[in-house]
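Q: build the 3D model from these lines:
(2 chains)
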Amino acid sequence: MKINLKENKNKNDIEILIEYPEMSETVRRIETVIKSVDNIVRCQDDDGKICFVRVSEIFYIESVEKQVYIYTKDKVYSSDSPLYQFAEKLYNFGFEQISKSCVLNLNTMVGVKAIFNSKMEAMLENGEKVIISRNFIPSIKKRLEKML
Amino acid sequence: MKKQIFRFVKHLLINTLATTALSIFLMCIVAIIKGFTLMAIAVPFQILLANLLAHIGFIVFDKINMKYRIINYAVMLVYLIGIILGFGFLFDWFAVNEIWIVCVVGVIVFVLAIVMDIIKINRDAKEINASLDRLRNRIDNNDKTE
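A: Numbers count the residues shown, from 1 in each chain, chains lettered A, B, ... in the order given. Just a heads-up that it's a prediction; the model follows:
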């Protein structure tokens, strides 16, 4: 894969052209990763101020007692939108539901470890660990195969 | 949601049928050892029902996250013995087999099911890690080509 960067003072905005011999999953992934840079999620910070977080910066989204929390590398935001909406909206950006209350950005997953109660523990790039429920393991496996 | 319910029911049925088969197999071995030649037609269905009830209970106990997993297993085991005793007295299982034999069979099935589950979850973890490694290698290779 070759990447050419060209400065053009006449352009008002960044323009990205992807040339490929044949449409493939890799091309689609590149497209979603590029799109996610510009994609933002509306949420609230600790002080209740409205802020916007880039989808690519989100590690996982968790629902705790009807409140949804968005976790980035080192910050936590909250949102009023239900978890299922995030799961649907962010599916194409590499997010996958890993338990009834958590949606994970698979791009941030470093590895998994089996734990005693038939569940798995996913280790993330920032050192955090999240629990994967048994029922969601087949869909994660399928998803990763698809991403390859 | 529908997908989740389907997955849940599928999982429940597979597990129930697997442990039922194992229970019947072990009961057949006990019967052979004891020199029995017949099994009542209703018994496999009673075992199936007992297993279904046990699995439903296990799912509920699984949701309760106790501090130590061993306590979870102990509670599950007590529940299982309760089901065995309940069904045993209800369907007269202990008329032909001693209570302890039926309970030992139940415990063996329980332990085997846990071991099989651990093996499966470890295999799944290995598969996921392998996929992640392949994905990482692919990204690294792409970076090198650049």
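Q: could you list the low-confidence segments of the chain?
A: By default, I'm working from chain A. Under the criterion of pLDDT under 70, the regions of chain A flagged as low confidence span A:37.
Q: to clarify, I was referring to chain B.
A: Under the criterion pLDDT under 70, the flagged ranges of chain B are B:1, B:65, B:139-146.
Q: the same query, at a cut-off of 80, please.
A: Applying pLDDT under 80 to chain B flags the ranges B:1-4, B:7, B:37-39, B:62-69, B:96, B:138-146.
Q: the lengthiest helix in it vs chain A: in contact?
A: Determined from DSSP state H, the single longest helix within chain B is helix B:99-145. Yes. Using CB under 8 Å from any CB of the partner chain as the criterion, contacts between helix B:99-145 and chain A involve B:117-118, B:121-122, B:124-125, B:127-129, B:131-132, B:134-135, B:138, B:142, B:145. Bear in mind the C-beta positions are built from the backbone N, C-alpha and C, glycine included.
Q: ok, which pair from those is furthest apart?
A: B:117 and B:145 (42.4 Å; CB to CB).
Q: what sits against the most centrally placed residue in chain B?
A: The centroid of chain B falls nearest to residue B:113 when counting by CA atoms, centre = their mean (4.2 Å). With contacts taken as CB atoms under 8 Å, 6 or more residues apart in numbering or on different chains, residue B:113 has the following neighbours: B:15, B:18-19, B:22.
Q: swap in residue B:101?
A: With contacts defined as CB under 8 Å, 6+ apart, the neighbours of residue B:101 are residue B:30.
Q: if I look at it, how far off is residue B:92?
A: If you measure residue B:101 against residue B:92 using CB to CB, to the nearest Å, the figure is 15 Å.
Q: now residue A:137
A: Relative to residue B:92, residue A:137 is positioned 41 Å away (criterion: CB to CB).
Q: so for those two, which residue has more residues nearby?
A: In terms of neighbours (other CB atoms under 10 Å in any protein chain shown), residue A:137 is the more surrounded of residue A:137 and residue B:92; the figures are 21 against 11.
Q: now that one: which helix or strand?
A: Here residue A:137, judged by DSSP states H and E, is contained in helix A:137-147.
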